[in-house]
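Peer 1: Here is the input, now give the coordinates:
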Amino acid sequence: MIRQSGNLNEKWTALYVRLSRDDENEGDSNSISHQIEILTRYCQDREISSYKVYKDDGWSGTNFKRPGFMEMMADIEAGLVSMVVVKDMSRFGRNYLEVGLYTEIRFPELGVRFIAVNDGVDSEDQLGNDFTPFRNIINENLT
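Peer 2: A predicted model of the protein is given here:
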């Protein structure tokens with residue numbers, strides 16, 4: 001799903017959602033549709049009109065060869081994406097080192113802002129991200 005604001009040269013926001021089969025036990029709060037609802041509401045509240053949803057349904061967060069994730073990364077590397085927004089850090093991934101590689105190194109190198117809505121993570125807020133590495137370690141151990 002892409003909503004364009006009219007400017008074809010404008011970068012879009014990547015809304016990334018993921019649900020593994022194990023996550024289904026947690027119920028509707030982590031469902032794909034619930035995540036999309038949270039992220040599109042986030043965009044609407046901030047008047048972000050150009051976004052694309054990247055979806056991995058049934059994929060473990062420890063596997064970074066997920067089709068939706070790989071499509072999103074290809075778009076990021078092509079310079080099409082300005083920001084990645086996820087519901088929380090565990091939806092992005094559950095491997096501490098891989099998550100850190102993307103959020104701390106790769107995204108900043110590519111000029112991409114990263115936001116985890118429910119965790120209060122925003123790569124533009126350097127002071128507010130001190131707890132993020134610990135959250136990633138906890139998420140990895142919950143697999």
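
Peer 1: In the longest helix along the chain, which residues are buried?
Peer 2: Secondary structure assigned by DSSP state H gives helix 32-45 as the longest helix of the chain. Across helix 32-45, burial judged by 16 or more other CB atoms under 10 Å covers I32, Q35, I36, I38, L39, T40, Y42, C43. Backbone N, C-alpha and C define where each C-beta goes, glycine included.

Peer 1: hmm, which helix or strand of this protein has the shakiest average pLDDT?
Peer 2: Within the chain, no helix or strand scores below helix 132-141, which has a mean of 46 by mean pLDDT, DSSP states H and E.

Peer 1: pLDDT of the longest helix of the chain, averaged?
Peer 2: If you average the pLDDT over helix 32-45, you get 96.

Peer 1: try stretch 99-107
Peer 2: pLDDT averaged over stretch 99-107 gives 94.

Peer 1: Would you map the helices across this protein?
Peer 2: 32-45, 67-77, 89-92, 96-100, 107-110, 132-141.

Peer 1: So which elements touch the first one?
Peer 2: The one in question is helix 32-45. strand 12-19, strand 51-57, strand 81-86 (3 or more CB pairs under 8 Å, 6 or more residues apart in numbering; DSSP states H and E).

Peer 1: The shortest one pairs with which strands?
Peer 2: Spelled out, that is strand 81-86. strand 12-19 (parallel), strand 113-116 (parallel) (DSSP bridges).

Peer 1: And those: which comes nearest E77?
Peer 2: Proximity to E77 (CB to CB) singles out strand 12-19 among the strands paired with strand 81-86, at 11.9 Å.

Peer 1: For V84, give the beta-bridge partners.
Peer 2: Those that pair with V84 in a beta bridge, by DSSP bridges, are A14, F114.
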